[in-house]
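coords please:
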Amino acid sequence: MPNVNADVVYQQVLSMALEDRSADYEDLVSNNNALLALMRKKGLWRTYSGPRIRQTLQIGKADAQWYSGYDQLLNPAIDIFNDAFFSPKMVVVPIILSMQEILNNEGEAQIMDTLESYMDAAERSLEDSMDVAMYSAGTANGGKQLTGLATAVPVLPNTGIYGGIDRNANAIWRTKTYDPSSGAGAEPWPAALLTQVTKDTIRPQLNYIMTKQSRGRSYADLLVMSTQHYAAYDAATVAIQRQTNESTLGKLGFSTLEYIGGGKRAEIVLDGGIGSNMPDDTTFGLNTDSFRLRYNANRNFDKLFSGDGQQPIDKDAIAQFIGWMGELTQVNPMFNWRFFDSNAAA
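From the prediction side, this is the model:
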């Protein structure tokens, strides 16, 4: 049997391994973040085309008119729809090995072991980079990062430009912030709730917010909590009352409870701990139906280069990348809110 060049064998193994794994990268990323997981389950990962992502918004409504007989039927010109514009962001995770590493691991079994290690490292990097971005303001690398919750549901909801729309000039485009330490919120807090978040206060505080920030079937159905808020909520419910949620996120391995109060139900998920990107002393109340993850159909955690990858002209190595292009967008900020304790030690 003729001797097969290790370089060629490696390139073919790399190509086949990436093809085999690429179909799972979407699962890998979505199952690492509660919001992405629920959005994917609801079919809210959607493609786009063109240089900008256009998100159609309903900014007004036609008024009904009660009439009788020969009353004039009014039909005024009304702006009902408009668009927000988002610039797609791009990210890649490299997989590169030098020929020294390849030659030191000649033989198909050794090549596969080496490749598995590099693939695993690349996938962990992909998970981490998307999770960091989901909580970011989108300012990293000169504003090239995906625009996450720090901007989508900001501490100061009446400032800044988001999706090409000035939040200061357009109240309809604002989320809400609730801070019991300072009393900040959409409406004055009841005096009894103007205190730090503890096991004794978190349920009535959440009940107050959920009641204020809902209308009919529209409300925050996902409460993403920091370790401090999750521990307080967990301690607030004795074992017989505690609702452990295993219907959706719990089955994916997230630490979950179920909120029942204020006439609403929502999933509570813990996002904190070692290396977490979740802000401390914070709960994000997210109406998941109002978010979209818009992505380019030709760059959804796919290989950048076809075939075996690229061999740089100035390096004795083989390179390939896993790439994604798109943006997190919103269609209706009204039912999204941030609940945080600005003075947790007060």
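
Residue 95 and residue 320 touch, don't they?
Yes: contact status for residue 95 versus residue 320: in contact at 4.9 Å, counting by Cβ atoms under 8 Å. Heads up, the C-betas are built off the backbone N, CA and C, glycines and all.

More neighbours: which of the two?
Taking other Cβ atoms under 10 Å, residue 95 and residue 320 do not tie; residue 320 has more neighbours (25 against 22).

Tell me who's in contact with the residue nearest the centre of the chain.
Among the residues of the chain, the one closest to the centroid is residue 134, at 4.4 Å (Cα atoms, centre = their mean). Residues in contact with residue 134 (Cβ atoms under 8 Å, 6 or more residues apart in numbering) are 33, 35-36, 146, 148-149, 277, 328.

Can you name the two of the residues you listed that sit furthest apart?
277 and 328 (14.0 Å; Cβ to Cβ).

Can you find the helix or strand of this protein with the lowest average pLDDT?
helix 6-22 (a mean of 58; mean pLDDT, DSSP states H and E).

quick one: the residue nearest to the centre of the chain from residue 140, how far?
12 Å (Cβ to Cβ, to the nearest Å).

ditto for residue 306
From residue 306 to residue 140 the distance is 29 Å (Cβ to Cβ).

Who has more neighbours out of these two?
Neighbours were counted for residue 306 and for residue 140 using other Cβ under 10 Å; residue 140 has more, 14 against 9.

Now do the same for the more buried one: its pLDDT.
With respect to pLDDT, residue 140 scores 91.

what's the answer for the one 3 residues further on, then?
Predicted confidence (pLDDT) at residue 143: the value is 92.

That one and residue 26, how far apart?
Taken as Cβ to Cβ, the span from residue 143 to residue 26 is 25 Å.

ok, now residue 171?
Taking Cβ to Cβ, one finds residue 171 at 36 Å from residue 26.

which of these two has more neighbours?
In this view residue 171 and residue 26 are compared by other Cβ under 10 Å, and residue 26 has more residues nearby, 17 against 10.

What residue, apart from its backbone neighbours, is nearest the more buried one spatially?
Counting by Cβ to Cβ, 6 or more residues apart in numbering, the nearest residue to residue 26 once its immediate chain neighbours are dropped is residue 301, at 5.8 Å.

One more: residue 182?
Per Cβ to Cβ, 6+ apart, closest to residue 182 is residue 342, 5.6 Å.

residues contacting the one you found?
179, 181-182, 184, 281 are the contacts of residue 342 under Cβ under 8 Å, 6+ apart.

following whatever helix or strand residue 123 lives in, which helix or strand shows up next?
Assigned by DSSP states H and E, residue 123 belongs to helix 108-134. Where DSSP H and E defines the elements, the next helix or strand beyond helix 108-134 is helix 140-143.

Would you mark the buried spots in that next one?
For helix 140-143, burial by neighbour count (16 or more other Cβ atoms under 10 Å) applies to no residue.

who touches that helix?
residue 133.

what about residue 159, neighbour count?
12.

again, but for the one 4 residues further on
Burial of residue 163 is recorded as 23 neighbouring residues (other Cβ under 10 Å).

Tell me the spacing between it and residue 303.
Where residue 303 is concerned, residue 163 sits at a distance of 30 Å (Cβ to Cβ).

do the same with residue 179
Applying Cβ to Cβ, the value for residue 179 to residue 303 is 45 Å.

ok, now residue 131?
Taking Cβ to Cβ as the measure, residue 131 falls 22 Å from residue 303.

Kindly provide the whole-number mean pLDDT of stretch 175-186.
For stretch 175-186, the per-residue pLDDT averages 85.

Return the set of buried residues in it.
Across stretch 175-186, burial judged by 16+ other Cβ under 10 Å covers 175-181, 184-185.
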